[in-house]
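> would you be able to build a 3D model of this:
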Amino acid sequence: MLAYHVWQDRYGKDPSILSRVIRVNGVPRSVIGVMPVKMRFPEDTDLWMPLQPDLQRSASSNSAGPNVMLFGRPAPGVTIQQARAEMNTIAKRLETRAPDRYHGLIVDVRPMLEMIGIYTVRRVLIAMLVAVGFVLLIACADVANLLLSRAAARTREISVRIAIGAGRARIVRQLLVESLLLATTAGLLGWMIAFSGLRWFDRATFDASRISWVDFSINSRAFVYLAAISIGAGILFGLAPALRLAKTDVNSAVKDGGYGAAGARRGQRLASALVVFEMVLCIVLLSGASLMIRSSINTYSAPIGVNAANVLTMMINLPEAKYPRAQDLVVFHRRLKSRVESLAGVEVASLTSSLPLGYVRYVPYELEGRLADDPAKRPVTGSLIIGADYFRVMQVRARQGRLFAESDETAGAQAVIVNETFAAKNWAGEDPIGRRIRLVTGQTMGSALSVVGVVPDIQQNFQRPLDHSPMVYIPYGAEPQRIMVLIARTKVPPMTLADPFRKQVQSMDEDLPVWFVNSLEDLVAKSRLNVGAFAMLFTIFAGVALALASLGLYAVVAQAVSQRTREIGVRMAVGGTARDIVRLVFAQGMWRIAVGLAIGLPLGAAVTFALKALLVGVAPGDPLSLTGAALVLIVAGVLGCAIPARRAVRVDPLTALRCD
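Predicted coordinates:
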């Protein structure tokens, strides 16, 4: 079965593809179908073949048994826990019936989305959805305040309409139509912005090795949701001002010039409550944005431990059918290394089982002279299989001892290199050179290996870029692997040598596929994109929320100053100074911020735990981040109060005393 994009790119949607034969690892295969668009399951898959396990070969190999991943849909009502228990029972039954083949068989039953990390990202996406909801609520609160201010200004107009016979239902209908028009226009503009923003986010996360079938796109359901939210917000937040105006006392409104004292006080109380609500939501968003920004800075500034510039990488998988023996693997990789190093522009090449910021194999180990009483409690270390020139390619020098030599790549070699974390954990204050360790593979204890060198820590875990795990480096010749990554330090831009690298592989085996040809620098950048993309999104949300909250505070304070113009004039006429007026205006605005901070900071500390999966080098509820968010909100509040305060000190007492 072929993927759709392979059919389209290579065969131009030729219907005769179903009768063609292609060669896979040297074996002819008939194409029987083409999968639908975007069908790349379980990962970025291009080709599907029927499973034909060679159980005899698997049982006689170094592994405890065949390594197979099974997919299935549970029956209705069956939980993951029930499926896990049943599979464990089957595994024990198999081990009892055929202990030679299935000794130590492990069954790991998990949801597919958990295995590929979507559950972790889902929590972050839910947090983003909450952030979007907060921004929407802040915007709606601003609109409600705007409509309340307009209602106060239009009290006399509405009173006249009612006086000449307009019904209250007609008044409410008119005001709701105005609110809905505003909400619909904003919804259309938001749709266009969301469409462009989502396309950027989709590209950013796709470059970060996102599973291709996880799709971020706007469909008809999203459009209906947006329309419902826009119309619902327009009705909900336009209804309160409309009902308030419809209940206007005509006599009092006309007599007081449209600014009845009781109505003004009620409007101010509602407006103040809305502003406090905005401040609470804003500080929560600012707290999350502060944590994400610090995580992004920590991620981008974390040292990898290698020089990633001018390094080209290429993954190769040697099939067992054509390369059955370990010696065949060694011969192929040595020939390929020699051919690549002969290319103009290549300085040195080597092999590795995993790249920096990639996944590594973790194995139990024992130190000579420190045997574990309980095998289940053996310490665990990361292990990497590398060529002799691996550290030369990565430009890493030994801190103690030496690096691998060609003689260490022979079968039966007993030299290993450890990183500084491993040495500090096991031989703190002692010389690690010459110490001996044993690695456990499956149920088998390996032979004693002698430490010949100590190297600086190289970051291997892209999910925790600040953590340094103990690592043991094993020479390739001592433990050949089928799947290896060829790495080469180049004297020219790495990707200019991508095609020559492919041609060298094809000249040795024309049926051998080459995977993931890329520069190490690009791979490092892509591994950091997720944190950067989410940090930018949260920053945008927090920035929009901060701007809206500041505008809301400004509007309320400005409205209050406008309604208290006569009071300000009296204060100035009886000797009040400009400082007194500024203090009055700022007190009216800053108490709302103080209440918002008192409620929002504890809430923000609690909500940020939803971002724990993406945080790097900073904990949820970090006091420094919360303090920074509070300071940003206070500064924005000061700016929101500054313009009304400036306007207040310019009030002419005589004009204010004569104002209606």
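> distance between stretch 170-185 and the chain's centre?
Centroid separation for stretch 170-185 versus its chain: 39 Å, with C-alpha atoms, centre = their mean, to the nearest Å.
> buried set for it?
Under the neighbour-count criterion of 16 or more other C-beta atoms under 10 Å, stretch 170-185 has Ile171, Val172, Gln174, Leu175, Leu176, Glu178, Ser179, Leu180, Leu182, Ala183 buried. Glycine gets a C-beta too; all of them are placed from N, C-alpha and C.
> from Val582, how far out is Gly596?
For Gly596, the distance to Val582 equals 21 Å [C-beta to C-beta, to the nearest Å].
> the more surrounded of these two?
Gly596 (24 against 17; other C-beta atoms under 10 Å).
> wait, doesn't that one sit right on Val280?
Yes. A contact is recorded between Gly596 and Val280 when judged using C-beta atoms under 8 Å, the distance being 5.0 Å.
> could you report the neighbour count for Ala594?
13.
> just Gly369 next, same as before
By other C-beta under 10 Å, the residues close to Gly369 number 7.
> same question for Gly434.
9.
> in terms of helices and strands, where is it?
Under the criterion DSSP states H and E, no helix or strand holds Gly434.
> that one: what's it in contact with?
Ser450, Val451 (C-beta atoms under 8 Å, 6 or more residues apart in numbering).
> how close does it get to Pro456?
Distance from Gly434 to Pro456, by C-beta to C-beta: 20 Å.
> give me the element the spatially closest residue to Arg399 that is not a sequence neighbour is part of.
Once flanking residues are discounted, Arg399 sits nearest to Val454: 4.9 Å by C-beta to C-beta, 6 or more residues apart in numbering. For Val454, the element it lies in under DSSP H and E is strand 449-455.
> which of the helices and strands in this structure ranks last by mean pLDDT?
Ranking every helix and strand in the chain by mean pLDDT, DSSP states H and E puts helix 55-60 at the bottom, with a mean of 41.
> tally of neighbours for the residue nearest to Trp48 when sequence neighbours are not counted?
The shortest distance from Trp48 to any residue other than its chain neighbours is 4.0 Å, reached at Met1 (C-beta to C-beta, 6+ apart). Residues lying near Met1 (other C-beta under 10 Å) number 15.
> tell me the pLDDT at Met1?
Note on Met1: pLDDT of 73.
> may I have the beta-bridge partners of the nearest residue to Ala448 once chain neighbours are set aside?
Spatially, and ignoring its direct neighbours in sequence, Ala448 is nearest to Arg436 (4.5 Å; C-beta to C-beta, 6+ apart). Beta-bridge partners for Arg436, by DSSP bridges, are Ser450.
> contact partners for Arg436?
Applying C-beta under 8 Å, 6+ apart, we find Arg436 in contact with Leu367, Glu368, Ala448, Leu449, Ser450, Val451.
> now the fourth one, nearest residue through space, not along the chain?
Spelled out, it's Leu449. Val416 (4.4 Å).
> which residues does the one you found contact?
Val416 makes contact with Ile437, Leu449, Ser450, Val451, Val452, Val472, Tyr473, Ile474, Pro475 under the criterion C-beta under 8 Å, 6+ apart.
> quick check: bridge partners of it?
Beta-bridge pairing for Val416 (DSSP bridges): Val451.
> pull up the per-residue confidence for it.
Per-residue confidence (pLDDT) for Val416: 91.
> and which of the contacts of Arg436 is nearest Thr421?
Closest to Thr421 out of those is Val451 (13.6 Å), distances taken as C-beta to C-beta.
> could you count how many residues lie near the closest one?
23.
> so what's it up against?
Gly401, Val416, Ile417, Val418, Ala423, Pro432, Ile433, Gly434, Arg435, Arg436, Ile437.
> just the closest of the residues you listed to Ala75, please.
Nearest member of the contacts of Val451 to Ala75, counting by C-beta to C-beta, is Ile437, at 47.1 Å.
> burial measure for that closest one, as a count.
21.
> who's in contact with it?
Tyr365, Glu366, Leu367, Glu368, Val416, Ala448, Leu449, Val451, Val472 are the contacts of Ile437 under C-beta under 8 Å, 6+ apart.
> so the first one is in which element?
Tyr365 belongs to strand 361-367 when elements are defined using DSSP H and E.
> next secondary structure after that strand?
By DSSP H and E, the next helix or strand past strand 361-367 is strand 380-386.
> quick revisit: farthest pair within the contacts of Val416?
Going by C-beta to C-beta, the pair spanning the contacts of Val416 furthest: Ile437 and Pro475, at 14.3 Å.
> put the buried members of the contacts of Arg436 into a PyMOL selection.
In PyMOL, this line selects whichever of the contacts of Arg436 come out buried by 16+ other C-beta under 10 Å:
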select buried, resi 449+451
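> surely Thr313 touches Met484?
No. Thr313 lies out of contact with Met484 (C-beta under 8 Å); the separation is 10.8 Å.
> looking at the two, which one has more neighbours?
Taking other C-beta under 10 Å, Thr313 and Met484 do not tie; Met484 has more neighbours (25 against 22).
> so what's the backbone phi/psi at that one?
phi -140, psi 160 (degrees, to the nearest 10).
> state the helix or strand in which the closest residue to it other than its chain neighbours lies.
Using C-beta to C-beta, 6+ apart and skipping the chain neighbours, the partner closest in space to Met484 is Leu351 (4.9 Å). Here Leu351, judged by DSSP H and E, is contained in strand 346-352.
> please apply the same query to Leu285.
Leu285 belongs to helix 261-301, assigned by DSSP H and E.
> what mean pLDDT does that helix have?
77.
> tell me what Pro364 is bridged to.
In beta-bridge terms (that is, DSSP bridges), Pro364 pairs with Val380.
> which residues touch it?
Pro375, Arg378, Pro379, Val380, Leu439, Val440.
> what's the burial count for the residue nearest to Arg399?
21.
> contact partners for it?
Shown in contact with Val454 (C-beta under 8 Å, 6+ apart): Ala398, Arg399, Gln400, Gly401, Ile417, Val418, Asn419, Glu420, Ala423, Pro432, Ile433.
> got CSV for those residues, with neighbour count, distance to Ala525 and secondary structure too?
Converted to CSV, the contacts of Val454 look like this (neighbours: other C-beta atoms under 10 Å; distance: C-beta to C-beta, whole Å; DSSP: H, G, I helix; E, B strand; the rest coil):
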residue, neighbour count, distance to Ala525, secondary structure
Ala398, 15, 28, coil
Arg399, 12, 28, coil
Gln400, 16, 32, strand
Gly401, 17, 33, strand
Ile417, 27, 28, strand
Val418, 28, 29, strand
Asn419, 27, 24, strand
Glu420, 18, 26, helix
Ala423, 22, 31, helix
Pro432, 20, 34, coil
Ile433, 16, 36, coil
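> any chance of JSON lines for those residues, columns distance to Met572?
Output for the contacts of Val454, formatted as JSON lines (distance: C-beta to C-beta, whole Å):
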{"residue": "Ala398", "distance to Met572": "78"}
{"residue": "Arg399", "distance to Met572": "74"}
{"residue": "Gln400", "distance to Met572": "78"}
{"residue": "Gly401", "distance to Met572": "82"}
{"residue": "Ile417", "distance to Met572": "80"}
{"residue": "Val418", "distance to Met572": "78"}
{"residue": "Asn419", "distance to Met572": "73"}
{"residue": "Glu420", "distance to Met572": "71"}
{"residue": "Ala423", "distance to Met572": "76"}
{"residue": "Pro432", "distance to Met572": "80"}
{"residue": "Ile433", "distance to Met572": "84"}
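> before we move on, the earlier item: least confident of the contacts of Arg436?
Glu368 (81).
> I'd guessed that residue sits against Arg438; true?
Yes. Taking contacts as C-beta under 8 Å, Glu368 lies within contact range of Arg438: 7.3 Å.
> where do the contact lists of the two overlap?
Contacts common to Glu368 and Arg438, judged by C-beta under 8 Å, 6+ apart, are Ala448.
> roughly how far does the residue nearest to Leu449 sit from Leu367?
12 Å.
> helix, strand, or coil at Ile32?
On the three-state scheme (DSSP: H, G, I helix; E, B strand; the rest coil), Ile32 is labelled coil.
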